[in-house]
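Participant: Have a look at this fold, sequence not included:
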């Protein structure tokens, strides 16, 4: 047996013994996902238990260095841990902006002091992060952002408004883009800075969405004082840091299209429309199911090829735009297809006559409509591919 | 099963690309077409390909081959596909070559080495009028005749079937037209009494033929595989050839996209390069994505078949469906983006669109493979 096979067996055994039983099969339930943070409210206490017990082994960030609270595992081992967790139908032990975005960015651009200050608290789940990028007048044209930061000795004074800040009402810290030089080309006057959400002058107001949920906020900054030491990278070099981080975001949003369980849609369709001679009874619906399953397999295979290529020492390129575009479009098509499969049972909003799984999926569908807007719209991704990959002229 | 090329594979891909750059295959295809050449490919170039070792790639080392797999084969076919090369690599080396694996010692002795050296080639005749993509639809009869059989029937659109040195024929030795059992494969040498071929002209200008069998006497020694059990043997070989064809399609779509992007960067209208138009940029970006997805699934299918994975057939169908759709999308769009010039015979881009259609309808189109993908998984 190879070392990796051994590792898989050990991982499996440890999970069997240590995952709180209630977490089994909760992978499809967003509310069960541990997000960490001082203000966290958990629907199930077991979510928090699961996060903390995983953190003791560094498994909230298995591939990060041990010295910062990660697991110190190789990429192969980290993949195995993820696979074994999914195999049990258990949610990831920690999700959110800390592990998916600011953590990797700090590992790449942070000073040693900044890493020691922030990364261990990400890994332990103590601190929850949110992202302050978009502004009311800066959506796809992110670099036009106006929130200002004016230097005053050892601090910056921040004034302005952010929008679509996910979970700002529950976050402990925010990483954000601010304008530190209004006199230069728009990309050249932006700084990436970390702000404690409890600072005086910060206020977050949830926005109610078409799904009925309020995962996003408007966040206001009024004369907020932030230490200069909280700048990541150099002042006015925030656009470079932001682009690297957007790469992480795009991979992470795009990734939602590929991990789906094979034949899940087919079984759902058989349940709702019946089967004839072993086939989904409605041919038109069957065709859509097949196409979606094939696209998911092809996308998953492409993600794997990308990872294999990076591991073989090749440099990452602008492909993250491809993953963001295709992954989100695929996920949205999948959500729409699930509505079609459920038929009128997909129309429930609350209450009687609908199963919880049906009500949940309707909300997930509505939420998914944002996939092609957030993190750079689908159209922006296509622009990036045309410009940076195909070298088409401006 | 890593989806990356190792050092040797990178070398092979580079050699193949260099060879294709030196030998302008599209020019060759045009010359052969204008001359109404009977063979439809260049025996000289075919010999050079054999000398480079390409024809030996998938054969076992014991049989004089290199003992490599489809992961290497698709590197060759990708290069061939970029140039629309008309040489009979997929038909003779991959499709017939795979069936040689089930041949008896005498057949192997007679055919394997000459195939590797490029001196002889065998074409596989499986398609019939109305059979579309169903390999089990066989009406060519193998009637018992003394110790052996007598073959009567007609095969159509036999890939590289004209002037072949032999044909492997799927025939019905028992049962009804679409039964999965009762199919027997025979290797019939071209000099056997009663077998003949007529060249068919198809839209892509490549070699295809009708093969007629009139009272052809065959014996036990001519059988490939098991009497009555030919369908599984043929399906396995066709799956391998399908992966090789997907490699060719990948090469074609890459070339068509490259040429189109180059055109967007040179053609001016309204005083600007047409590549500045967002209506074209976004479509070009989508073509790029489809091409990338195609590369992934071709690599995955080749490796799955090579290592005998349980889901190999699933991966083959996924690859063929995707490559069929992607090659058609990319070449249709390529022609549209070239505008009027793309409609002319003089311009090469139309040749890719024609080839895309032929490739789509070889070994099952996208709809056929989507259905097979679902059936394999029980829905």
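Facilitator: Okay, I see it. All values reported here derive from a predicted model rather than from experimental measurement. Residues are numbered from 1 along each chain as shown, chains lettered A, B, ... in the order given.
Participant: all helices of the stretch 101-250 of chain A, in order?
Facilitator: A:103-109, A:112-124, A:238-254 (DSSP state H, counting those that start in this stretch).
Participant: which SSE is residue A:40 in?
Facilitator: Taking DSSP states H and E as the definition, one finds residue A:40 inside no helix or strand.
Participant: For chain B, see how far away it is.
Facilitator: Using Cβ to the nearest Cβ, to the nearest Å, residue A:40 is found at 38 Å from chain B. Backbone N, C-alpha and C define where each C-beta goes, glycine included.
Participant: Check what pLDDT that residue gets.
Facilitator: Looking at residue A:40, its pLDDT stands at 88.
Participant: same question, residue B:276
Facilitator: For residue B:276, the model assigns a pLDDT of 98.
Participant: Repeat that for the one 10 residues further on.
Facilitator: Among the per-residue scores, residue B:286 shows a pLDDT of 98.
Participant: if you compare the helices of the stretch 101-250 of chain A, which one is most tucked away?
Facilitator: Sort the helices of the stretch 101-250 of chain A by mean neighbour count, taking mean count of other Cβ atoms under 10 Å in any protein chain shown, and helix A:238-254 sits at the top with a mean of 21.
Participant: Adding mean pLDDT and distance to chain B, write the helices of the stretch 101-250 of chain A out as TSV.
Facilitator: Output for these, formatted as TSV (pLDDT from 0 to 100; distance: least, Cβ to the nearest Cβ, whole Å):
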stretch	mean pLDDT	distance to chain B
helix A:103-109	93	23
helix A:112-124	96	29
helix A:238-254	76	11
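Participant: helix or strand right after the strand or helix carrying residue B:212?
Facilitator: Applying DSSP H and E as the criterion places residue B:212 in strand B:207-218. Following strand B:207-218 in sequence order, the next helix or strand is strand B:223-224 (DSSP H and E).
Participant: so how far is that next one off the chain centroid?
Facilitator: 22 Å (Cα atoms, centre = their mean, to the nearest Å).
Participant: For residue B:282, see how far away residue A:377 is.
Facilitator: To residue B:282, residue A:377 is 11 Å away according to Cβ to Cβ, to the nearest Å.
Participant: An error on my part: the question was meant for residue B:220.
Facilitator: From residue B:220 across to residue B:282, the span is 61 Å (Cβ to Cβ).
Participant: coming back round to it: residues of the strand holding residue B:212 that come out buried?
Facilitator: Neighbour counts over strand B:207-218 (16 or more other Cβ atoms under 10 Å in any protein chain shown) mark B:207-213, B:216-218 as buried.
Participant: Identify the farthest-apart pair in the residues you listed.
Facilitator: Farthest apart among the buried residues of strand B:207-218 by Cβ to Cβ are B:207 and B:217. That separation is 27.1 Å.
Participant: ok so, going back, pull up the pairing partners for the strand holding residue B:212, direction included.
Facilitator: Sheet pairing of strand B:207-218 (DSSP bridges) gives strand B:148-159 (antiparallel), strand B:195-201 (antiparallel).
Participant: Show me where the chain has its strands.
Facilitator: You didn't say which chain, so I picked chain A. Applying DSSP state E to chain A gives strands spanning A:129-132, A:148-152, A:155-166, A:173-179, A:190-196, A:202-207, A:216-227, A:231-232, A:275-276, A:279-280.
Participant: my question was about chain B
Facilitator: For chain B, strands defined by DSSP E occupy the ranges B:122-125, B:141-145, B:148-159, B:166-172, B:183-189, B:195-201, B:207-218, B:223-224, B:268-269, B:272-273.
Participant: Return the most buried member of those strands.
Facilitator: Here the criterion is mean neighbour count by mean count of other Cβ under 10 Å, and of the strands of chain B the winner is strand B:122-125, at a mean of 30.
Participant: which helices and strands does that one pack with?
Facilitator: Packed against strand B:122-125 by the contact rule (3 or more Cβ pairs under 8 Å, 6 or more residues apart in numbering or on different chains; DSSP states H and E) you find strand B:148-159, strand B:166-172, strand B:207-218.
Participant: repeat that for 10 Å
Facilitator: Applying 3 or more Cβ pairs under 10 Å, 6 or more residues apart in numbering or on different chains; DSSP states H and E, one finds that strand B:122-125 contacts helix B:97-100, helix B:105-117, strand B:148-159, strand B:166-172, strand B:183-189, strand B:195-201, strand B:207-218, helix B:230-264.
Participant: Quick one: distance of that strand to the chain centre.
Facilitator: Counting by Cα atoms, centre = their mean, strand B:122-125 comes out at 12 Å from the chain centroid.
Participant: Ignoring the adjacent residues along the chain, who's closest to the residue of the stretch 51-200 of chain B found nearest chain A?
Facilitator: The minimum distance from the stretch 51-200 of chain B to chain A, using Cβ to the nearest Cβ, falls at residue B:71 (13.0 Å). Spatial nearest neighbour of residue B:71, excluding adjacent residues (Cβ to Cβ, 6 or more residues apart in numbering or on different chains): residue B:302 at 4.6 Å.
Participant: Let me know the pLDDT of the one you found.
Facilitator: At residue B:302, pLDDT is 98.
Participant: What is the distance between stretch A:41-59 and the centre of its chain?
Facilitator: 18 Å.
Participant: Between its first and last residues, how far does it reach?
Facilitator: 22 Å (Cα to Cα, to the nearest Å).
Participant: Okay, the residue of the stretch 51-200 of chain B closest to chain A and residue B:255: tell me how far apart.
Facilitator: Taking Cβ to Cβ as the criterion, residue B:71 is separated from residue B:255 by 21 Å.
Participant: Any stretches of chain B with poor pLDDT?
Facilitator: For chain B, applying pLDDT under 70 flags no range at all.
Participant: quick one on the thing from earlier: need the helices and strands packed on strand B:122-125 in TSV with distance to residue A:184, can you?
Facilitator: Formatted as TSV, these follow (distance: least, Cβ to Cβ, whole Å):
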stretch	distance to residue A:184
helix B:97-100	64
helix B:105-117	66
strand B:148-159	63
strand B:166-172	72
strand B:183-189	74
strand B:195-201	65
strand B:207-218	64
helix B:230-264	32
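Participant: Of these, which is nearest residue A:244?
Facilitator: Of all the helices and strands packed on strand B:122-125, helix B:230-264 sits nearest to residue A:244, with 26.7 Å by Cβ to Cβ.
Participant: Tell me if that closest one is near chain A.
Facilitator: Yes - Helix B:230-264 lies within reach of chain A by Cβ under 10 Å from any Cβ of the partner chain, at B:257-258, B:260-261, B:264.
Participant: Format these as CSV; extra columns: distance to residue A:94 and neighbour count.
Facilitator: Formatted as CSV, the residues of helix B:230-264 next to chain A follow (distance: Cβ to Cβ, whole Å; neighbours: other Cβ atoms under 10 Å in any protein chain shown):
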residue, distance to residue A:94, neighbour count
B:257, 41, 22
B:258, 44, 14
B:260, 45, 27
B:261, 42, 22
B:264, 45, 23
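Participant: wait, isn't residue A:235 in contact with residue A:156?
Facilitator: Yes - using Cβ atoms under 10 Å, residue A:235 makes contact with residue A:156 at a distance of 8.9 Å.
Participant: intersection of neighbour lists for those two?
Facilitator: Common contacts of residue A:235 and residue A:156, defined by Cβ atoms under 10 Å, 6 or more residues apart in numbering or on different chains, comprise A:149, A:178, A:180, A:191, A:193, A:228.
Participant: Looking at those residues, point me to the pair that's furthest apart.
Facilitator: Maximum distance among those (Cβ to Cβ): 12.1 Å, for A:178 and A:228.
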